[in-house]
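Asker: after the sequence you'll find the predicted model.
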Amino acid sequence: MNKFDRQSNSADIQALPDDIAEELSRLPSEVISVDDAPSIAPPVPLSSDEVRTIVISLMLTMFLAALDQTIVATALPTIGRQFQDVSNLSWVITAYLLASTAVAPVFGTLSDIYGRRVMIIISLSLFVAGSVLCAIAPNMPMLILARGLQGLGGGGIMPVVQTVISDVVSPRERGQYQAYFSSVWMVGGILGPVIGGVFAEHLHWSMIFWINLPLAAAALALLLPKMKKIPVFHRKRKVDWLGGILLMAAAVVFMLVLTWGGTRFPWLSPTVLAMVGGAVALAVSFVWHARRADEPFLPLPLLGGSVVPFGLMAGGCALGAITGLTVQLPLYYESVYHLTASEAGLALIPLAAVSTVGAAVAGRTMARAKHYKRVAIIGTSWAVLCGLGLTLATLPLWALLTLMAAFALGLGTTFPVCVVSVQNSVSRPQVGTITGALNFFRSLMSSFTVAAFAAILLIALGTDIPLAGEHHAAGAVAIPADDMRHAFRYVFGAATALMTIAALCLIAMEERPLAGPSAKQSVEMAE
């Protein structure tokens, strides 16, 4: 493949339109190729109303995916009673998570090959088809299979939505929009259990799936007419299906290890060890194949450099910390502060809501500041200090919630900075691929952190207790407050360690200029 030489071809680059020449000039020479260069013809700019309509439809689409990750949880007891099958209830959630995690990089890469419009239609169609099959499922096995199909669609929504935003909004402005989507994700996660409980108690549990149909129809009705005006950056090429299958298989086996390890099977059991070996073998096979394929499904050089690996790790650690705490904190609130299950759920709001404030602050800073990375470095450092306070101090509930909110404020600054920095570091035809890889890695980190925090509690408490949401079940083991407080010091310490890694990664990550309007122009556009 012919590469651009920066010196010999500088005249060629300067001859391109200003926005494209700026993008090419800031990319390292090893990732710029004739095939990967954006189209020379400048796209027709979208009006502010068109951008607003696209963003609203994408937020509605994102809300669907966020809602269905949590809406089922409170309806599970009702579903189990109707199907008279309680032993397999966990698979209703696990099937969705497995499928959605495995296909994230697939949809991201395919959007770079076939285009965003096709992939958003496919992902929403799979999601709606899975929702209908879930609603009419006659038994538990069919419900689990339908949830897997729904997960295939839900897993494609996140990377494709973020990629469409990258096509519509310049990198400098994109951080603000990423903050909006973080807010939608958090709101969907908070409202999910509430809506699911109301439907299961007062209507019918199938309504948690039927509600997806009008929402998906509204999203498509708003989005599709505007998709024709979105700039086209995808490049048709041969699809490396073998590489995609190997990557998905490795992810599924690894997720099963994290799901079953320490719960269904002991961590050192032959089953778990065999699965670990299988996941490693599949991952090694994927790497071996990717190094030899002419056009691999996920180009490994894309994951290198001075931006992508640090952005992936920082974003993964931040999301892992907030996910792990969200799953395990209700147990802490109930055992130490004697809150009810519903009160413990409400106590999670500061953690979820304030993190979106941090994301909004970082997004607005990126639109105005030249050194946009600093806000995330300051934010993660602040989160580390708050984490140390949570680890070392014994606090009343109001002080704990206040410090938890401060921790979330700093943590939230990582999300827009990491997403935009990673997207900004690759050529336009590779944005979907790298966005899918980003979501894939963050999902794996979240699953790993949930399992790790549960293992830390089990080791610290020295007893087999219900964890990760199972503590609401009848007959849950009562844990002395002092023992739980002592054990959770290690959990808070682990979350602090994750944020320390995130801060170090952000410091090491190269800060490349963001294309887009100046700070003055951004203010004028906002007004």
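Answerer: Everything's here; your move.

Asker: near the residue nearest to V51 when sequence neighbours are not counted, how many other residues are there?
Answerer: On the basis of CB to CB, 6 or more residues apart in numbering, the spatially nearest residue to V51 that is not a chain neighbour turns out to be V168, at 5.9 Å. In short, each C-beta sits where N, CA and C put it, glycine included. Neighbour count of V168, defined by other CB atoms under 10 Å: 22.

Asker: and V168, what pLDDT?
Answerer: pLDDT for V168: 76.

Asker: buried stuff in the helix or strand hosting T323?
Answerer: Per DSSP states H and E: T323 is located in helix 308-336. Neighbour-count burial for helix 308-336, with 16 or more other CB atoms under 10 Å as criterion, is recorded at 308-336.

Asker: just stretch 137-154 next, same as before
Answerer: For stretch 137-154, the neighbour count (16+ other CB under 10 Å) marks 137, 140, 143-154 as buried.

Asker: want to try TSV for these, with pLDDT and distance to R81 as columns?
Answerer: Compiled in TSV, the buried residues of stretch 137-154 are given as follows (pLDDT from 0 to 100; distance: CB to CB, whole Å):
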residue	pLDDT	distance to R81
A137	86	15
M140	84	11
L143	88	13
I144	87	17
L145	89	20
A146	89	19
R147	88	18
G148	87	22
L149	89	24
Q150	89	22
G151	86	24
L152	87	28
G153	87	28
G154	85	26
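
Asker: in helices, which of those residues appear?
Answerer: Among the buried residues of stretch 137-154, the members falling in helices (DSSP state H) are 140, 143-154.

Asker: got TSV for the buried residues of stretch 137-154, with distance to L385 too?
Answerer: As requested, the buried residues of stretch 137-154 are exported to TSV (distance: CB to CB, whole Å):
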residue	distance to L385
A137	48
M140	47
L143	45
I144	44
L145	47
A146	46
R147	41
G148	42
L149	45
Q150	41
G151	38
L152	41
G153	41
G154	36
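
Asker: of the residues you listed, which pair is most distant in space?
Answerer: Maximum pairwise distance among the buried residues of stretch 137-154 (CB to CB): 20.8 Å, between M140 and G153.

Asker: now do the residue nearest to V51 against L223, distance only.
Answerer: Using CB to CB, to the nearest Å, we find V168 at a distance of 11 Å from L223.

Asker: who touches both of those two?
Answerer: Between them, V168 and L223 share the neighbouring residues I54, with contact defined by CB atoms under 8 Å, 6 or more residues apart in numbering.

Asker: secondary structure element for the residue most central in space within the chain?
Answerer: Centroid-nearest residue in the chain, with CA atoms, centre = their mean: N439, separated by 4.7 Å. For N439, the element it lies in under DSSP H and E is helix 431-461.

Asker: wait, doesn't the residue nearest to V51 sit right on T53?
Answerer: No - using CB atoms under 8 Å as the test, V168 is too far from T53 to be in contact (10.6 Å).

Asker: need the contact list for the nearest residue to N212 once chain neighbours are set aside.
Answerer: On the basis of CB to CB, 6+ apart, the spatially nearest residue to N212 that is not a chain neighbour turns out to be S131, at 4.1 Å. Contacts for S131 (CB under 8 Å, 6+ apart) come out as D68, Q150, F209, W210, N212, L213, A216.

Asker: what's the closest of the residues you listed to L458?
Answerer: Proximity of the contacts of S131 to L458, judged by CB to CB, is greatest for D68, which lies at 29.3 Å.

Asker: how much space separates that closest one from W398?
Answerer: Distance of D68 to W398, computed by CB to CB: 33 Å.

Asker: same question, V168
Answerer: Per CB to CB, V168 is found 42 Å from W398.

Asker: quick check: neighbours shared by V168 and T53?
Answerer: Contact with both V168 and T53 is made by no residue, according to CB under 8 Å, 6+ apart.

Asker: mind giving me the packing neighbours of the strand or helix carrying A216?
Answerer: Mapping A216 onto the secondary structure by DSSP H and E places it in helix 212-227. Helices and strands touching helix 212-227, as assessed by 3 or more CB pairs under 8 Å, 6 or more residues apart in numbering; DSSP states H and E, comprise helix 48-70, helix 116-135.

Asker: got the angle for the shortest one vs helix 48-70?
Answerer: Direction vectors for helix 116-135 and helix 48-70, defined by axes from the mean of the first three to the mean of the last three CA atoms, to 10 degrees, enclose an angle of 30 degrees.

Asker: ok, and for helix 116-135, which residues are buried?
Answerer: For helix 116-135, burial by neighbour count (16+ other CB under 10 Å) applies to 116-117, 119-120, 122-124, 126-128, 130-135.

Asker: tell me where the model's unsure across the stretch 251-400 of the chain.
Answerer: Counting by pLDDT under 70, the stretch 251-400 of the chain contains low-confidence ranges at 341-342.

Asker: that one: helices as residue ranges?
Answerer: Using DSSP state H, counting those that start in this stretch, the helices assigned to the stretch 251-400 of the chain run over residues 270-292, 308-336, 341-346, 349-368, 373-392, 397-412.

Asker: the closest residue to L282 other than its chain neighbours: neighbouring residues, count only.
Answerer: Once its chain neighbours are removed from consideration, L282 has its nearest residue in A250; the separation is 3.7 Å (CB to CB, 6+ apart). Counted with other CB under 10 Å, the neighbours of A250 add up to 21.

Asker: then H371?
Answerer: Neighbouring residues of H371 were enumerated by other CB under 10 Å; the total is 9.

Asker: now do the phi/psi pair for it.
Answerer: The main-chain torsion angles of H371 are listed as degrees, to the nearest 10 and equal phi -100, psi 70.

Asker: now do the contacts for it.
Answerer: The neighbourhood of H371, defined by CB under 8 Å, 6+ apart, consists of E511.

Asker: kindly provide the distance from it to V422.
Answerer: Taking CB to CB as the measure, H371 and V422 are separated by 18 Å.

Asker: then L346?
Answerer: Between L346 and V422 the computed distance is 34 Å (CB to CB).

Asker: more crowded one of the two?
Answerer: Just comparing L346 and V422: by other CB under 10 Å the higher neighbour count belongs to V422, 23 against 13.
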